[in-house]
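S.K.: got a predicted structure here, sequence first:
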Amino acid sequence: MIDAFIAAFAGSPWPLYLALYLAVGWVLIRPTGPIMGQLASIMGWPIEMTQRLAGAIGLPYLFLLPNMLVFGLFTFAPMFINLGFAVTEGQSILFDERAFAGLDNLRRLVAETQIDTGAANLEDDKFFSAVYDTAIFVIFQVPVMILVALFSALALNRQIIARGFWRAVFFYPVMLSPVVVGFLWSLILKRQGVLSQSLIMWGWIEEPIQWLTDPSWTMFWSVFVYTWAHLGFYMLILLAGLQAIPRDVYEAAEMDGTSAFRQLTRITIPLLAPTLLVVTVLSLIKAFQAFEELYAMSVRWSSLVAYIFETSGLRGQATANGLGVAAMASLIVAAVLIVLSLLQVWLSSRGARQ
Amino acid sequence: MTAKFTSTAIAALMVASAAPAFADEITFLCYQDGNECDVIGEMLPEFTAATGHNVNMETVAYDVIRDQLENQLQTDAAPDVARVTNLGGLNQYYLDLAPYVDRGTWEAAYGATLPWFRAPGAGDDGIYGWMTQLTVTGPYVNVSLFEDAGVDMPGDGATWDDWATALAEVQAATGVTAGLAMDRTAHRMAGPAFSYGARFFDDAGNPILVDEGFRNFAETFVGWHASGLMPVEGWPAGEGTQYRNAAPLFQSGEAVMHMSGSWMINSYSENITDFEWRAVPAPCGVGGCGAMPGGAAITAFKSTDAPEAAAAFIDFLASEENAARFASATRNITAHQGLQASGVDYGDASPAVAAALSVFAANAGKAAETTPQAYTFQGYAKNFVIYGVVPDYLTKAITGEMSLDDALAAIDADVAAQIAQ
């Protein structure tokens, strides 16, 4: 191995370059102190020099810079571009081909009369129906998931047999790609799918039920599948929260003869409240953004993200003002989400003060 | 080391300058329904040998062409040449091939399809692309199901009502999921609607979607869903402008008829093994025997650095010899008018494929005679808007979310809004 190492550098003047590098380092740094420390300083002189030049306060920002560049390029820049699309009109994605339109896109989105044709506007119906359906989805999905996640976390926090296995079972769907989840469940739920066929075989139903197409079932299965897919993540956070509650509080309660239910309502839930709040905010935001699983299952309703995605024309063919209208819709959704998040923070801080 | 680098650089320069000055490299973005790009790929060495130009072909999924190409064109990140289907819609980006090719030859061979690429209104006489193939919509039927049910198949000139009755009988007798399955897009629905007398455009070429014929067909179409002739997992299962392919249902033997088009011939001949299928003539009605013509084309873009090479490449493919080879190897209907007259030799094509090709060719001819609005619709630059908006609202009428009257009014209003300048 040493031979190979020597051979790799044979014929190149690398010792000279190394000596030069160290010499430059020694001249620039002029290290003091123990010999090993001096050697380390000389070896890493570019870092030492940067630290000296940037100072102790500047250094953290220097290390943040690469991340901020990536973040700026892929998060902040699109946000401003989106704002630009919302207040300009036209089919092009280039700003020099888009005319400034002020709030025209807002009118195209929510006004009763279509401003370009003078006829009745239909975009508002599509948008509000997406808002309405998404609201229904959020109202059912978030509480259901938090409750189920809480109960599974409580169960898996107890000394049950094969606890690690059960935790893995509940967490497993989180690791699946959303598209895989969607296709998996559409195999179960389609007309010739496992569910309908099993129910027919057992004689419970006569005809296959269109679980994903039937308007009375499609929302139920959307909530069910979305909860199934994301449950494990929130359960894990709650589990961590449960394990952070000190054991001695329970021991004290048990000595006082407190019932298990009273322990739950008076100790576990109050001490878990900060974690529950985090879970609520996270799952609320996530539910408003629901899209991938639902799209892959092709459910019979449009979520807000699906509406924006389709209206933008970035998939399929662009329409006259679709991009601007979609950008405007996304801004409205963002505003609502900001308000909701602030409300949550305010409620929690009020709760903490009491 | 420096000396070594210099000598390498000089050598590289020498190699570069030794290549002929006229040899350009062009990029070609291709998609295929069957083996179209593979067939073109086999022709590339001949093109390079003849002209010295290199073609760098990239085969992608159709979604890439449909969703990304226009944005690439807007940002100058586009390929030099691409295979496209939105012929009129991309007009502003096309390179006019006229200065580089022989206009007389092109007009004689492709005169009927050249207008599909041109800007709306008079004044544009550019040559923008080669129609790789003509496609025509039309139905396929599952012959085995008809035989199992003991129902006679309606003959040439039968109406949609005749067919609907026969399909319902077969469906009832065999218990399959659907009598009639149709891809969820107005492109497939347009042919039947023409048959019912829908005009789609006024005399000035402006879209007037909802007229008496369209209304009659829409009522029938909603009725076909209500009676169960058409499946719930077809149109009603889609949301908004979403496209849904009905081919898997037909291929699984669960639909008696699939309203599709000639582009499926190759796929069905390869993938359907457990029943007999056949393409049947487009059903008729008071408005004629409607079918939608269409097809894919290879076009070059203005943004190219090598317009001469790009034009030479398209001219090479469009030659009678290569067009014949392409049509034969891909089992497609050629757009070359000389070949249409003399006939393409499909070699070892199976009888079902050969029969299907002639049925679809006849569909196109009959549509040109009886429903010329089909050709207007195909050449209309914003036809993609109509393809999506019609299913959106007709679905709502089918599921009962909207009355048919409201849905029809909404179709007119929404199309007007989406195409507004």
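M.R.: Okay, I see it.

S.K.: which single residue of the stretch 101-250 of chain B ends up nearest chain A?
M.R.: B:A237 (4.4 Å; Cβ to the nearest Cβ). From N, CA and C alone the C-beta is placed, and that goes for glycine too.

S.K.: okay but that residue is in contact with A:S298, surely?
M.R.: Yes: look at B:A237 against A:S298 with Cβ atoms under 8 Å: they come within range, at 6.6 Å.

S.K.: picking up where we left off before, tally of neighbours for the closest residue to the residue of the stretch 101-250 of chain B closest to chain A other than its chain neighbours?
M.R.: Among residues not flanking B:A237 along the chain, A:T213 sits closest, at 4.4 Å (Cβ to Cβ, 6 or more residues apart in numbering or on different chains). By the measure other Cβ atoms under 10 Å in any protein chain shown, the count of residues near A:T213 is 22.

S.K.: tell me which element residue 63 is part of?
M.R.: In the absence of a named chain, chain A is used. Secondary structure from DSSP states H and E places A:F63 in helix A:45-71.

S.K.: you answered for a different chain; I wanted chain B.
M.R.: Secondary structure from DSSP H and E places B:D63 in helix B:62-74.

S.K.: that helix near chain A anywhere?
M.R.: Yes: for helix B:62-74, a contact with chain A is found by Cβ under 8 Å from any Cβ of the partner chain, at B:63, B:66-67, B:70-71, B:74.

S.K.: adding neighbour count, write the residues you listed out as TSV.
M.R.: Listed next are the residues of helix B:62-74 next to chain A as TSV, based on neighbours: other Cβ atoms under 10 Å in any protein chain shown:
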residue	neighbour count
B:D63	11
B:R66	18
B:D67	16
B:E70	24
B:N71	16
B:Q74	18
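
S.K.: those residues: which two are farthest apart?
M.R.: The span of the residues of helix B:62-74 next to chain A, defined through Cβ to Cβ, is set by B:D63 and B:Q74 at 17.9 Å.

S.K.: ok so, going back, just checking, what packs against the helix holding B:D63?
M.R.: Contacts defined by 3 or more Cβ pairs under 8 Å, 6 or more residues apart in numbering or on different chains; DSSP states H and E place helix B:62-74 against strand B:25-30, strand B:81-84.

S.K.: off-centre distance for it?
M.R.: 17 Å (Cα atoms, centre = their mean, to the nearest Å).

S.K.: any common contacting residues for B:A237 and A:S298?
M.R.: With contacts defined as Cβ atoms under 8 Å, 6 or more residues apart in numbering or on different chains, the residues shared by B:A237 and A:S298 are A:212, B:244.

S.K.: any idea how chain B splits into domains?
M.R.: Split into domains by automatic domain parsing, chain B comes to B:23-134+B:295-347, B:136-292+B:355-419.

S.K.: point out the most buried one among those domains.
M.R.: domain B:136-292+B:355-419 (a mean of 20; mean count of other Cβ atoms under 10 Å in any protein chain shown).

S.K.: rewinding a little: go through the residues of helix B:62-74 next to chain A and name the one nearest B:T177.
M.R.: Using Cβ to Cβ, the residues of helix B:62-74 next to chain A come closest to B:T177 at B:D63, 27.1 Å.

S.K.: save the residues of helix B:62-74 next to chain A as TSV, and put in pLDDT too.
M.R.: TSV is the format used below for these (pLDDT from 0 to 100):
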residue	pLDDT
B:D63	83
B:R66	83
B:D67	82
B:E70	87
B:N71	86
B:Q74	86
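
S.K.: can I get the residues you listed in JSON lines including distance to A:Q114?
M.R.: Output for the residues of helix B:62-74 next to chain A, formatted as JSON lines (distance: Cβ to Cβ, whole Å):
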{"residue": "B:D63", "distance to A:Q114": "30"}
{"residue": "B:R66", "distance to A:Q114": "26"}
{"residue": "B:D67", "distance to A:Q114": "26"}
{"residue": "B:E70", "distance to A:Q114": "24"}
{"residue": "B:N71", "distance to A:Q114": "26"}
{"residue": "B:Q74", "distance to A:Q114": "26"}
